[in-house]
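J.: need the 3D shape of this:
(chains A, B and C)
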Amino acid sequence: MTRRVVWMITFVGGLFFLLEFLLPEQAPDWLGGIKNPLTPYLGGVTNFLVVVATMAFLLGPFILVRRHVGTLVRRRQGWLESLVFVVFLGASLLAAALREEQVRSALSVLYDALFFGVLMAFFASSMALLAFYLASAAHRAFRVSSLEAGLMMAAAAIVLLGQVPLGDWLTQGLPKSLQLASVAQWILGVPNTAVQRAVMIGACGGAFAAGFRQWLGLGKGAA
Amino acid sequence: MAPWLARLHDLNPRWLYLATGLLMIVPFVILIPMPAGTPSRATQGLYDAIESCPPDKVVWIDSSWDQGSRAENEAQLECVVRHLCRQHIRFVVTSVGITPFGPEFADRTIKPIAEKAGYVYGRDWVNTGFVQAPTPASLALIINGLARDFHSIRPADVHGTPIGDLPLMQKVRTIRDIHVIYAITYSPAQEWISFIKGQFGTPVAFGCMSIMAPSYYAFLDSGQLCGVLIGNRGAAQYEALIGRPSLGTRLSMAQSFGNAAIILAALVGNLGWWAARRARRKAP
Amino acid sequence: MTEPLAIWIGAIVTLAVFSYLARDNPFYRLVQQAALGAAVGIAIVVTWQQVLYPMWLTPIVKAFQGAADWKGALWLLALVPGSLWYFQLSKRWFWVSTLVTGLFVGVAAGLAFKNQVLLIMPQVGACLKPLDPWAGPEGFTWPALLDCLNNLLMLVGLLATLLYFFFSVKTDRRWLAGPMRFGRLMIMVALGAMFGNTVMTRMAYLIERLQFLYETWLRPLLTIHGS
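T.: Numbering: from 1, shown residues only, chains lettered A, B, ... in the order given. Here you go, the predicted model:
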């Protein structure tokens, strides 16, 4: 019974948008010239769905807080990290909610420290670690052991150098069409475009099939 | 064959980390002048689109980047805002996506440039804040909604001011008031192309991280995208077009060393691997 | 303008993260949890202030105060599906959350058709490019010949790549080996281009952090002490 209800909700949700797209904006005159009856409701339905989707914003934080508070209360391993999480969560809630924009106060200084000092620095630095790992991977794993591998590495090297000033400097004496920048643009604009387009067209068929399966509730794990 | 060559492919990774870090610091300490290069078709496309903006229309910038993609997106936003201010083109900023930090980063980048150019908030530019779109479907819904009736999806700006109270937004209600859309984030969604360019024909341009650029060339080729700023290089080329080298140019110069470091690491690794293979074959 | 305290904290956090390169350490883990806590807190406030408050709560309050149309009070009904998300937290009542999940799955499927049609049809059209160098308004020119060769390469490459990924029928025939091999080589070139761009992005992250450490944090310090 529940599965049927869920399937009906899924079907109706998809049917609205599918019909809104498939039906023309206005019927021909010999059909009365009536306008698409669903389009006027599109704005209201959109707003409703946006609000409902956003209402889930406390789900993730709740799960995290539950876990960390549980670790703290039971003094399990890693309780210090949980304490730090809870303290910074509280501080950021306070600073973000109560600070006044354009006014320099203790809360705005705290907000700056949390936003730029902690949040931005941590996530940007975590991404920066990847550069080091990439250097290590380039050294250990990228072996030119076949024609395909050699072709791939050559294309990578040309694209790498062709998109930075170093490549312009290295080949500045050559004719424009033979400079690294031009060759890199050619690689990106011709073979790369052909492959990306082929993958997109192939994936489109899969997306249609998957979309139909979801909409009609035919999938194995369908609700 | 020198035996140390065969050991090159088995170096302790920490030495590599140190070498990479030291090489990357060089361009910050020593200013090395390098040629700026010719702007690519992708960069030129966005520049031409903004240059052709009529006075009765605005540019819509969707700035949905945060600390995770600031490395390349900040320069891409900065150079375009400078161009808009120079041409006295008004613009509206949204942040439609996953990250709620987008409006804050956009504000901090745009405000100094806009204030210096004499732009008045509310009259010449507006930041309408964040709309959550965690999935492609919700992104499509919001983009579609904004294009049909901007005010219903964004009833207030980032400061909580009712959108109808802002002089600029009294003239901007639907996609017909927009000349071009410039979406900047880690990987701008293809829904911008299908639901804006595909439905309404309004030109769309992207500012994206280099890693996502190869997938957008197909859209550039088909004309579905009018321009793409790719990484710091795209920002540097744009800065060259507006005649104002800035953050993108500086970061692009440093990028040369980074790319060279990876190529050197791969060369050293392959040299060591080849030498080790030769040594193994020669061994009795 | 960023506060000096924020710059110092940013530098310490950056160095703490980089310490992970040596090995995992408690300093890194503490900084990680601090950042997560800050991110979650700020995200909650921003989502409320910029989405739910203006779009949902304000129309309800205005309707009850008589400052706007009574229909604004109907937004209260959004609480019904909106609260269903939280049934995911219960093992017994998890099935209730599938009602709202199913709605969004259906919406996504409905929008996917429109998205794919509007996205892919122009791509198919863009495959049809001129292949005749004499067909242009100026007749034969060398740039026109180069363009046609590029167009031919793009078309052949596209078909070869599609053939390489075509698994619905057997493709082990001898006459297909050549095109499939060509498709494979094209894919390797494209993968090389993608790898090159991946490297650029990763390096950009490190450049941004080094720029912060050197230009924003260290250089002002060295300037002060130098003068």
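J.: so which strand or helix has residue B:95?
T.: Using DSSP states H and E, residue B:95 falls within strand B:91-97.
J.: roughly how far out does that strand sit from the chain middle?
T.: Offset of strand B:91-97 from its chain centre (C-alpha atoms, centre = their mean, to the nearest Å): 14 Å.
J.: other SSEs contacting it?
T.: strand B:58-63, helix B:102-116, strand B:125-132, helix B:136-148 (3 or more C-beta pairs under 8 Å, 6 or more residues apart in numbering or on different chains; DSSP states H and E). Heads up, the C-betas are built off the backbone N, CA and C, glycines and all.
J.: can I get those in CSV with mean pLDDT, mean neighbour count and distance to residue C:116?
T.: Formatted as CSV, those follow (pLDDT from 0 to 100; neighbours: other C-beta atoms under 10 Å in any protein chain shown; distance: least, C-beta to C-beta, whole Å):
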stretch, mean pLDDT, mean neighbour count, distance to residue C:116
strand B:58-63, 97, 26, 22
helix B:102-116, 94, 20, 27
strand B:125-132, 92, 26, 23
helix B:136-148, 88, 24, 11
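J.: residue contacts, residue B:19?
T.: A:135, B:261 (C-beta atoms under 8 Å, 6 or more residues apart in numbering or on different chains).
J.: what number of residues lie near residue B:7?
T.: By the criterion of other C-beta atoms under 10 Å in any protein chain shown, residue B:7 has 13 neighbours.
J.: grab the longest helix from chain C for me.
T.: If you go by DSSP state H, chain C has its longest helix at helix C:174-211.
J.: what do you get for chain B?
T.: Under DSSP H, chain B gives helix B:247-282 as its longest helix.
J.: list the helices and strands that one packs on?
T.: So helix B:247-282, by 3+ C-beta pairs under 8 Å, 6+ apart, packs with helix A:121-140, helix A:147-162, helix A:165-170, helix B:3-6, helix B:13-29, helix B:70-86, helix B:231-242, helix C:174-211.
J.: which segments of chain C make up each domain?
T.: C:1-68, C:133-227 (automatic domain parsing).
J.: and of these, who's closest to residue A:176?
T.: For the domains of chain C, proximity to residue A:176 was assessed by C-beta to C-beta; domain C:133-227 is nearest, at 12.7 Å.
J.: quick check: mean pLDDT of that closest one?
T.: Averaging pLDDT along domain C:133-227 gives 86.
J.: ok, it near chain B or not?
T.: Yes: taking C-beta under 8 Å from any C-beta of the partner chain as the criterion, domain C:133-227 and chain B are in contact, through C:190, C:193-194, C:197-208, C:210-211, C:214-215.
J.: filter those residues to the buried ones?
T.: C:190, C:193-194, C:197-208, C:210-211 (16 or more other C-beta atoms under 10 Å in any protein chain shown).
J.: contacting residues for residue 121?
T.: No chain was given, so I picked chain A. By C-beta under 8 Å, 6+ apart, residue A:121 lies in contact with B:67, C:9, C:10, C:11, C:13, C:14, C:17, C:35, C:212.
J.: ah, no, chain C please
T.: Contacts of residue C:121 by C-beta under 8 Å, 6+ apart: none found.
J.: would you say residue B:118 is within a helix?
T.: No: counting by DSSP: H, G, I helix; E, B strand; the rest coil, residue B:118 is not found in a helix; it is coil.
J.: I'd like the distance between it and residue B:276.
T.: 65 Å (C-beta to C-beta, to the nearest Å).
J.: and those two? Which one has more around it.
T.: residue B:276 (18 against 9).
J.: that one touches residue B:3, doesn't it?
T.: No: the pair residue B:276 and residue B:3 fails to qualify as a contact (C-beta atoms under 8 Å) at a distance of 9.8 Å.
J.: for the nearest residue to residue C:58 once chain neighbours are set aside, give me its contacts.
T.: The shortest distance from residue C:58 to any non-neighbouring residue, by C-beta to C-beta, 6 or more residues apart in numbering or on different chains, is to residue B:155 (7.0 Å). Each residue near residue B:155 by C-beta under 8 Å, 6+ apart is listed here: B:162, B:163, C:54, C:55, C:58.
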